[in-house]
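Participant: Attaching a predicted model along with its sequence, questions to come.
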Amino acid sequence: MAARSEFSLVGMKPIAGKLKKLTQELSFKASRAAMREAFRPVAKAARQNAAAVDSPFTARKIRDNVRLQFATRFYRETGLLMYRVGVASKRGPIPRGNPDEGKGGNTPHWHLLEIGTEKMRAQPMLRPALANNVGVVLDKLATGLEEQINKIVTGL
């Protein structure tokens, strides 16, 4: 199972109050836009970290498969907003011979680099991307929420 990081925002009562005054649909729209912008630095750092561990001997690059994605199913099931930063790869077993599919090709081995194996040390790329950018994410989230709310309120 994937490691999960959760944060609680303290000191955002004015913004939370403004969000509660909006309809659920409008607050969802503002929150989702602000969250996407806030997590872009994490995705960018993950791409930079992945570039450092990518093999120079193949055309497949983990950095090309790093994604910032809204968790739609999680939202439908819980009603909570969540964005994920991760590596997109095809499901299923690693193909025999591990064929090189070229630029943008499948990188099913990324998790082996991230968490390591008993014979290979871990070379994390996603965990440090979040750990090193928590402050930036929270700052951007606060300012982004404020901007999105103001944009919605002035547009009404």
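Facilitator: Right, received. Where do you want to start? Residues are numbered from 1 along each chain as shown.

Participant: which element is the nearest residue to Leu22 once chain neighbours are set aside on?
Facilitator: Of all residues not flanking Leu22 in the chain, Ile152 sits nearest, at 6.5 Å (CB to CB, 6 or more residues apart in numbering). Every C-beta, even on glycine, is put in place using the N, C-alpha and C of the backbone. Assigning secondary structure by DSSP states H and E places Ile152 in helix 134-155.

Participant: so what pLDDT did Arg127 get?
Facilitator: Looking at Arg127, its pLDDT reads 92.

Participant: if we can go back for a sec, isn't the residue nearest to Leu22 right up against Thr23?
Facilitator: No: the criterion here is CB atoms under 8 Å, and Ile152 misses it with Thr23 at 9.6 Å.

Participant: Between these two, which is the more surrounded one?
Facilitator: Neighbours were counted for Ile152 and for Thr23 using other CB atoms under 10 Å; Ile152 has more, 18 against 9.

Participant: Would you check how far apart the more buried one and Asp64 are?
Facilitator: For Ile152, the distance to Asp64 (CB to CB, to the nearest Å) stands at 35 Å.

Participant: what does the lowest-mean-pLDDT helix or strand in the chain rub up against?
Facilitator: Least confident helix or strand of the chain, by mean pLDDT, DSSP states H and E, is helix 13-21 with a mean of 81. Taking contacts as CB atoms under 8 Å, 6 or more residues apart in numbering, the residues outside helix 13-21 that touch it are Ser27, Ala30, Ser31, Ala142, Leu145, Glu146, Ile149, Val153.
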